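[1] Model the structure of this input:
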Amino acid sequence: MRSIDIYTVTAAAALAAALLCSWQASAVAAEPMMSDERAVFQTQWGDIHFGFYPEVAPITAQHIFKLVAMGAYTGNHFFRVDKGFVAQVQDVTGGRNLAMDAQQRAEGDKTVPLEVRADVKHTEGVVSMGRYDDPNSGKSSFSMLLGAAPHLDMHYTIFG
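    Sure thing, here's the model as predicted:
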């Protein structure tokens with residue numbers, strides 16, 4: 001299993017880590033196959049582990065994994081933590097407290113299309129792409145769901 005460590009130490013990350021330590025991934029009717037790749041966000045309060053669903057969202061999973069492997073999330077932060085809903089990571093081009101190199105910035109500025117499947121739902125524990133009003137505007141912000149959010153189904157890409 002391949003794992004990438006991301007070092008994020010902010011108050012919001014600490015809160016997200018505390019909230020996420022207790023969640024258990026919810027079973028879905030047709031649970032997609034998780035890849036061997038994993039990302040680990042390390043905080044002083046604990047680690048947040050997540051994997052990828054390349055069969056559900058191949059473009060998004062590859063894009064986020066590439067950003068993780070490039071170190072683009074290092075020094076980034078959670079800008080939104082809503083108990084029972086989401087812990088959301090900032091876009092890498094606007095949320096890092098470290099300078100980005102040209103390759104990180106170029107990858108972080110790319111957008112990915114909406115990739116959805118009717119049988120994959122926004123349940124507690126999934127990782128879902130953030131975006132703007134345009135469904136095809138996802139860049140690098142994503143949310144870890146802290147509770148079910150069926151209103152996001154078919155509108156936001158689930159990639160992990």
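
[2] rest of the way, CA atoms for contacts and neighbours
    Will do.

[3] separation between the spatially most central residue of the chain and Ala99?
    For the chain, the residue nearest the mean C-alpha position is Phe142 (4.0 Å; C-alpha atoms, centre = their mean). Noted for Phe142: a distance of 20 Å to Ala99, by C-alpha to C-alpha, to the nearest Å.

[4] And Ala39, by the same measure?
    From Ala39 over to Ala99 (counting by C-alpha to C-alpha), the distance is 21 Å.

[5] Between the two, which is the more surrounded one?
    The residue with more neighbours, out of Ala39 and Ala99, is Ala39; 20 against 11, by other C-alpha atoms under 10 Å.

[6] Give the residue spans of the protein that score low on pLDDT.
    1-30 (pLDDT under 70).

[7] at 80 what do you get?
    Within the chain, the stretches with pLDDT under 80 are 1-31, 43-45, 95-97.

[8] those helices in it, which residues are they?
    Secondary structure of the chain (DSSP state H): helices located at 11-20, 58-69, 92-95, 102-109.

[9] For Asp82, find the nearest of the ones you listed.
    Closest to Asp82 of the helices of the chain, according to C-alpha to C-alpha: helix 11-20, at 9.0 Å.

[10] show me the residues around the closest residue to Leu152 other than its chain neighbours that make contact.
    Nearest non-adjacent residue to Leu152, counting by C-alpha to C-alpha, 6 or more residues apart in numbering: His122, 6.5 Å away. Residues near His122 by C-alpha atoms under 8 Å, 6 or more residues apart in numbering: Ser128, Leu145, Ala148, Ala149, Pro150, Leu152, Asp153, Ile158.

[11] so how far is Leu67 from the first one?
    What it means is Ser128. In terms of C-alpha to C-alpha, Ser128 sits 15 Å off from Leu67.

[12] Check the third one too.
    The gap separating Ala148 from Leu67 is 26 Å, by C-alpha to C-alpha.
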